[in-house]
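1. sequence first, predicted model second:
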Amino acid sequence: MRDAIASISGIRGVFNESLLPSDIVRYAGNFVDLVPEKRFLVCRDTRSTGDVISRVICGALLGRGADVVDYGVLSTPALFRESRTRKAPAIMITASHNEPDWNGLKFIIDGRGIIQPELERILQPGRRSGTRGAKPSAEEPMGRLTRGPTTSYNSELVRMAGEGSGDGVKVVIDVNGGAAVYHAPAILERLGCLLTVLGGTPGLFSRMVDPTGDDLELLSQTVKEKRADVGFAFDCDGDRLVLVDADGRKRTGDYMLTLALMELLPSIQNRSVVVSVDTTQAVDEVVEELGGMVYRSKVGEANVITKMAETGSRLGGEGSSGGVIDGEFNSCRDSMLAAIAIVKAVKSKGTKVFDRVKSYSQVRLKTVMDRRKAVTAVKKLEREHPEGDSLDGLKIGLSRRSWVLVRPSGTEDVVRVSAESTSEKEAEIIARSFLNEVKKFGA
């Protein structure tokens, strides 16, 4: 049985195996104790276990005297935005990019993700309560459950972009049965895009949940057949985005992020950007050309956002995950913000915009390894390479145009090896070499 994984990115496991109803009740109860507000927003992505987990969470919150607004199915960015505008804590039921048999909980406080001390309080033993822990006492009257109103997320994004601002751009989207089915088609149609939708049945997954790891063959083929300008693929909770260009080529998350920043930065004054340590150096070149500054954070959306607050940066992102963070709109990775920026770039500059993006070749590999062994392996690697940067795992600059990063995952029992160079062949050689070293040290 796989163990549940807990980090500030969320608590994830297989429901009724590593993620038990009694644990969910405990986490929800501790979250009630953590925040002063007693009105909570709850929603889920389209996984089959989402509905039952939602019932468990709502029951636990109501039993602790909290009011609950149940939004049903929304994307993670939509719930973050709703939490921010309504100044209410929220729980998103999702395992993000993990496969469909996983599910989990993401905790949000007034539009931001939790930090480590808050996670520790949510995980603590708390009150003794089984799955029926929602029974109210005389001191804690039962809370009230209401259905969520229609979120303003879609209309806000359309208003920001400008209705019709993508008029005539031919777009194919692969929502793969995920929560983006309730956002991406409606938003892009209002921008005026000529739209083809793949995977539009909620909960029906026809490829890997994580679009960064799938070859996106159907999307690429459809873009070519339809002679579309661009294609987009989303993950299950709608925060990750992968781009397919007009020639049907799947592009990396780093490429997508670089293109989006090229479009967004010239129109804003604050041009400092925060990206994770594993994001392409092409971002540095683009930002510096535009007079901005790049800051690096540990891998993980919450770490990027924390660094954005520290540095006063408006924009951020992670190349490995796909998505753009605009701190003035949302404190999370938002696939639709990125998609809109790219549609507008294509509208104003045509598909030749894809050739203007500075890009390097990146190879990302991973090997399954118990997390304790993974940490030990990376420490051994540090002793072999004392020149490396240990901000998050170990990053080694191999030349002016190449680097490698080795780090244990925070959400899975794997070690990830990312390498970047001027050619895919060289990046592959670098990544494989260091992957073999990690396997040796972790054996």
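-> All right, it came through fine.

2. now do the strands in the stretch 151-300 of the chain.
-> Listed in chain order, the strands found in the stretch 151-300 of the chain under DSSP state E, counting those that start in this stretch are 170-174, 194-198, 230-234, 241-244, 273-276, 294-297.

3. take those and lay them out in a markdown table including mean pLDDT, distance to Gly393 and mean neighbour count.
-> C-beta: built from backbone N, CA, C; applies to glycine. Below are the strands of the stretch 151-300 of the chain laid out as a markdown table (pLDDT from 0 to 100; distance: least, C-beta to C-beta, whole Å; neighbours: other C-beta atoms under 10 Å):
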| stretch | mean pLDDT | distance to Gly393 | mean neighbour count |
| --- | --- | --- | --- |
| strand 170-174 | 98 | 31 | 26 |
| strand 194-198 | 98 | 35 | 17 |
| strand 230-234 | 98 | 27 | 29 |
| strand 241-244 | 96 | 23 | 28 |
| strand 273-276 | 97 | 11 | 28 |
| strand 294-297 | 96 | 12 | 20 |
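
4. closest to Phe441 out of those?
-> Across those, Phe441 has its closest neighbour in strand 273-276 (23.6 Å, C-beta to C-beta).

5. who touches that closest one?
-> Among residues not part of strand 273-276, those counted as contacts by C-beta atoms under 8 Å, 6 or more residues apart in numbering are 257, 261, 265, 283, 287, 292-300, 303-304, 307-308, 311, 313, 315-320, 392.

6. on that earlier part again, okay, the strands of the stretch 151-300 of the chain in TSV with distance to Arg12 next?
-> Below are those laid out as TSV (distance: least, C-beta to C-beta, whole Å):
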stretch	distance to Arg12
strand 170-174	23
strand 194-198	26
strand 230-234	19
strand 241-244	21
strand 273-276	19
strand 294-297	21
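
7. so for Ile114, which of the ones you listed sits nearest?
-> Comparing the strands of the stretch 151-300 of the chain by C-beta to C-beta, strand 294-297 comes nearest, at 16.4 Å.

8. ok, Gly72 - contacts?
-> Counting by C-beta under 8 Å, 6+ apart, Gly72 has contacts 43-44, 147-148.

9. still on that earlier bit, go through the strands of the stretch 151-300 of the chain and name the closest to Thr376.
-> strand 273-276 (23.3 Å).

10. partner strands of the closest one and their direction?
-> Here strand 273-276 is paired, per DSSP bridges, with strand 294-297 (parallel), strand 315-317 (parallel).

11. would you reformat those as a markdown table and include distance to Leu74?
-> Formatted as a markdown table, these follow (distance: least, C-beta to C-beta, whole Å):
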| stretch | distance to Leu74 |
| --- | --- |
| strand 294-297 | 27 |
| strand 315-317 | 21 |
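
12. before we move on, back to that, pull out the buried members of the contacts of strand 273-276.
-> Buried by 16 or more other C-beta atoms under 10 Å: 257, 261, 265, 283, 287, 292, 294-300, 303-304, 307-308, 311, 313, 315-320, 392, out of the contacts of strand 273-276.

13. helices - which of those residues land there?
-> Among the buried ones among the contacts of strand 273-276, the members found in helices (DSSP state H) are 257, 261, 283, 287, 303-304, 307-308, 311.

14. output these in a markdown table; the columns should cover pLDDT and distance to Gly177.
-> As requested, those are exported to a markdown table (pLDDT from 0 to 100; distance: C-beta to C-beta, whole Å):
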| residue | pLDDT | distance to Gly177 |
| --- | --- | --- |
| Leu257 | 95 | 25 |
| Leu261 | 96 | 29 |
| Val283 | 96 | 31 |
| Val287 | 96 | 36 |
| Asn303 | 89 | 30 |
| Val304 | 94 | 28 |
| Lys307 | 96 | 33 |
| Met308 | 96 | 32 |
| Thr311 | 97 | 38 |
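
15. out of the strands paired with strand 273-276, nearest to Lys373?
-> Using C-beta to C-beta, these put strand 294-297 closest to Lys373, at 25.6 Å.

16. pull the CA atoms of that closest one into CSV?
-> In CSV, the C-alpha atoms belonging to strand 294-297 read as follows (Å, rounded to 0.1, in the frame of the first residue of the first chain):
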residue,chain,number,x,y,z
VAL,A,294,14.8,36.9,-11.8
TYR,A,295,14.7,35.4,-8.3
ARG,A,296,15.0,31.6,-7.7
SER,A,297,13.0,29.7,-5.1
